[in-house]
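> Requesting a structural model of the entry that follows:
(chains A, B, C and D)
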There are 2 protein chains.
Amino acid sequence: MANSPSGESIIGRFVRIVSAFDDRHTSMSVAELGRRTGLPVTTTYRLVNDLLLERLLEREPGGDIHIGTRMWELVSRGSKMLGLREAALPFMEDVQAVVQHSTTLGILDSDEVLYIERLGSDKTIVDITKIAGRLPVHATSSGLVLLAHSPAAYQDSFLARPLTKFTETTLTDPAVLRRHLAEIRQRGFAAMPGVIVPESSGIAVPVFGPDNTVRAALSVVVPRNEENTAARVPVLMAAARGISRSLGWRGELKGTLRQSH
Amino acid sequence: MANSPSGESIIGRFVRIVSAFDDRHTSMSVAELGRRTGLPVTTTYRLVNDLLLERLLEREPGGDIHIGTRMWELVSRGSKMLGLREAALPFMEDVQAVVQHSTTLGILDSDEVLYIERLGSDKTIVDITKIAGRLPVHATSSGLVLLAHSPAAYQDSFLARPLTKFTETTLTDPAVLRRHLAEIRQRGFAAMPGVIVPESSGIAVPVFGPDNTVRAALSVVVPRNEENTAARVPVLMAAARGISRSLGWRGELKGTLRQSH
DNA sequence: AGGAGGATTACCATTGAGCGGGAATCCGAA
DNA sequence: TTCGGATTCCCGCTCAATGGTAATCCTCCT
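Down below sits the predicted model:
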């Protein structure tokens, strides 16, 4: 499936084009887009014109282009992400009201944590999570919660890889991680001090779907040494249960919580 | 640009496919997708496979497909919508805390109001706004605010069309609408009782960008006859100013507020 | 078990959309 | 005015995309 000598399909090039935009580059000239994507000039212009016709891209007065409203609309309207987000938001607001720092909702995607919602932009803490941003699984509390409730086979393959050590406290030893995962399953939460940036700690709990599998991780990021884990975990857990129930979860059955292992 | 006898480009078909998904149909079989899009069977399967390869679509255990996480991620990450949404959300939360019913943020797109964020899901009121949903301009308070601050040429062309009357109070007469728009500009808000559904009223105010043009409309939906407009408008206005300032707006210059007309 | 009906995959001849190099043109800054 | 980059125009080549038909798989239902 590729009309191009490079052996790439239009869809692939479409992805390249959309990928060229991120939160730091929401608009650019077509020429720059061509440079960023590495596509031949002419091809870029032709493709961009097609996309402009469908309003998937939009041209601004200056001539620069950006991702079109239509694209956002189509994807948001049909994506399952909205359902999860809408179920979670009210409870996240409650958490945020109490914790005051930063509350995030993340899912597992392509061996990374993808954050799909985030409340709070407290400048006093270091929090590198962004909506639609990614962070490594083994270096975030959310990631460890998600991993802990993943199928054993996935855990094995994940732990078989080399893991980057970001800070002193980042866990990279598979054996140690396995013990942590077990603990996370047992206790129902993950509390990780400074595993990705030394200044901040994360506390995360799982959110369940109707089939009792873990859909997402709800977490708060707080300044290191102000974790106050004991007080915050119950808040998170209550909220996570609320979200889970909104998603159609009917309460855990004894024993099934850990069935994935 | 079309390899197909029907004269449609791949991009066009891509749009058709993504459009087939909405909040009521977040996943379906490939065959059903083919039916909904009207594309030839073989073509549908081939295209879907391409999209699956790029993870723009995802296959679920049952075989049904849905819009992929990657798609949501790419679009969200690069879209300008996120910036607006992130600027608005904290202030919307404040409004929602006070008003308790439903708070929305809408923009003007393709002659309709497109809602990009919504807080509150109070079942006691009739509120048909949805995130990534659309409503007509002339039958929503948000729409009228946006229209009131649009270029005169756009207003003229818009008012030249026939307008649907949804309820008793829906305004459809161009002359009357013009007077209302002027009033909205002057007072700084729109308060519309039951113009789309008779049971609910909307109150909306404009959100400005750095160049003093209107970027969005912030609004609340409340039960009819409980409008309490006098008390709610200040809350909305304060929030809207906050959002505007987050967007880089530097305070209105006397007279420029209405410069678009 | 058998079979009906739909979903999915396999096959394949046809063809025009996509491709991209090159050159011309436009445009803003120096 | 000159210059460099952005954008558009031109055009022949070619293979990816197309979509019909048919085989296969799958899931209920009898």
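
> The residue in the stretch 101-250 of chain A positioned nearest to DNA strand C: neighbour count?
Per CB to the nearest atom of the strand, residue A:211 is where the stretch 101-250 of chain A lies closest to DNA strand C, at 20.3 Å. For the C-beta atoms, the positions are set from N, CA and C on the backbone; glycine is no exception. Using other CB atoms under 10 Å in any protein chain shown, residue A:211 has 9 neighbouring residues.

> Next one: it from residue B:154, what distance?
49 Å (CB to CB, to the nearest Å).

> do residue A:32 as well
For residue A:32 relative to residue B:154 (CB to CB), the value is 30 Å.

> do the same with residue A:198
According to CB to CB, residue A:198 and residue B:154 sit 53 Å apart.

> now residue A:122
40 Å.

> Ok, residue A:235 next?
The gap separating residue A:235 from residue B:154 is 48 Å, by CB to CB.

> Those two: which has the busier surroundings?
For residue A:235 versus residue B:154, neighbours defined as other CB under 10 Å are more numerous around residue A:235 (18 against 13).

> Need the pLDDT of residue A:97.
pLDDT recorded at residue A:97 is 89.

> One more: residue A:261?
On the pLDDT scale, residue A:261 gets 41.

> what's the domain layout of chain A?
A:10-75, A:79-258 (automatic domain parsing).

> so how far is the first one off the chain centroid?
Between the centre of domain A:10-75 and the centre of its host chain there is 24 Å, according to CA atoms, centre = their mean, to the nearest Å.

> is any part of it close to chain B?
Yes. Using CB under 8 Å from any CB of the partner chain, we find that domain A:10-75 touches chain B at A:10-12, A:14-15, A:18-23, A:25-27, A:46, A:50-51, A:53-56, A:66-67, A:69-75.

> first to last residue in that domain, what's the distance?
19 Å (CA to CA, to the nearest Å).

> per-residue confidence averaged over it?
92.

> Is that domain in proximity to DNA strand C?
Yes. Using CB under 7 Å from any atom of the strand, we find that domain A:10-75 touches DNA strand C at A:10, A:13, A:39, A:40, A:41, A:42, A:43, A:46, A:47, A:50.

> For these, pick the one with the most neighbours.
residue A:47 (24 neighbours).

> which helices and strands does the helix or strand encompassing that residue pack with?
Secondary structure from DSSP states H and E places residue A:47 in helix A:41-53. If you count contacts as 3 or more CB pairs under 8 Å, 6 or more residues apart in numbering or on different chains; DSSP states H and E, helix A:41-53 packs onto helix A:10-19, helix A:30-37, strand A:57-59, helix B:10-19.

> Contacts (any at all) between DNA strand D and that helix?
Yes. Applying CB under 7 Å from any atom of the strand, one finds helix A:41-53 in contact with DNA strand D at A:41, A:42, A:45, A:49.

> can you redo those residues as JSON lines with distance to residue A:147?
Below are the residues of helix A:41-53 next to DNA strand D laid out as JSON lines (distance: CB to CB, whole Å):
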{"residue": "A:41", "distance to residue A:147": "44"}
{"residue": "A:42", "distance to residue A:147": "45"}
{"residue": "A:45", "distance to residue A:147": "44"}
{"residue": "A:49", "distance to residue A:147": "44"}
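
> Report the residue spans of the stretch 51-200 of chain A with pLDDT below the cut-off.
Within the stretch 51-200 of chain A, no stretch has pLDDT under 70.

> Could you pull out the strands in it for me?
In the stretch 51-200 of chain A, the strands defined using DSSP state E, counting those that start in this stretch lie at A:57-59, A:65-67, A:103-109, A:112-119, A:134-136, A:190-193, A:200-208.

> Look up which residues are beta-bridged to the spatially most central residue of chain A.
Nearest to the mean C-alpha position of chain A, counting by CA atoms, centre = their mean, stands residue A:114 at 1.4 Å. Beta-bridge pairing for residue A:114 (DSSP bridges): residue A:107, residue A:134.

> Could you do residue A:119 as well?
residue A:103.

> could you measure it against residue A:104, distance?
8 Å.

> try residue A:51
32 Å.

> Neighbour count: those two, which is higher?
residue A:104 (31 against 23).

> Isn't the more buried one up against residue A:113?
No. Proximity of residue A:104 to residue A:113 does not meet the contact threshold set by CB atoms under 8 Å, at 9.1 Å.

> Now list whatever residues contact both of the two.
In terms of CB atoms under 8 Å, 6 or more residues apart in numbering or on different chains, residue A:104 and residue A:113 are both contacted by the residues residue A:142.

> tell me the most buried of the strands of the stretch 51-200 of chain A?
When you average the neighbours per residue for each of the strands of the stretch 51-200 of chain A (mean count of other CB atoms under 10 Å in any protein chain shown), strand A:200-208 leads with a mean of 27.

> Is that one positioned near chain B?
No. Against chain B, strand A:200-208 shows no contacts by CB under 8 Å from any CB, the least distance being 15.7 Å.

> So which other helices or strands are in contact with that strand?
helix A:141-148, strand A:190-193, strand A:214-223, helix A:229-246.

> what's the spacing between it and its chain's center?
Worked out by CA atoms, centre = their mean, strand A:200-208 lies 13 Å from the chain centre.

> for stretch A:185-202, same thing?
16 Å.

> in the stretch 51-200 of chain A, what residue is nearest chain B?
Here the stretch 51-200 of chain A gets closest to chain B at one residue, residue A:78, 2.8 Å apart by CB to the nearest CB.

> possible to save the helices and strands packed on strand A:200-208 as CSV with distance to residue B:202?
Listed next are the helices and strands packed on strand A:200-208 as CSV, based on distance: least, CB to CB, whole Å:
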stretch, distance to residue B:202
helix A:141-148, 37
strand A:190-193, 43
strand A:214-223, 32
helix A:229-246, 26
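
> most neighbours per residue, which of these?
Taking mean count of other CB under 10 Å, helix A:141-148 is the most buried of the helices and strands packed on strand A:200-208, at a mean of 28.

> for it, packing partners?
Checking 3+ CB pairs under 8 Å, 6+ apart, helix A:141-148 ends up next to strand A:103-109, strand A:112-119, strand A:134-136, helix A:152-159, helix A:174-187, strand A:190-193, strand A:200-208, strand A:214-223.

> where's the nearest residue to residue A:147 once chain neighbours are set aside relative to residue A:189, distance?
Of all residues not flanking residue A:147 in the chain, residue A:137 sits nearest, at 5.4 Å (CB to CB, 6 or more residues apart in numbering or on different chains). Counting by CB to CB, the gap from residue A:137 to residue A:189 is 16 Å.

> try residue A:129
Taking CB to CB, one finds residue A:129 at 18 Å from residue A:189.

> of these two, who's got more company?
Shown here are residue A:129 and residue A:189; by other CB under 10 Å, residue A:189 has more neighbours (26 against 23).

> where does that one fall, phi/psi-wise?
In terms of degrees, to the nearest 10, the main-chain angles of residue A:189 are phi -160, psi 160.

> So it is in contact with residue A:202, correct?
No. Between residue A:189 and residue A:202 there is no contact under CB under 8 Å: 10.4 Å.

> Residue A:205 is in contact with residue A:237, correct?
Yes. Counting by CB under 8 Å, residue A:237 does reach residue A:205; the two are 5.3 Å apart.
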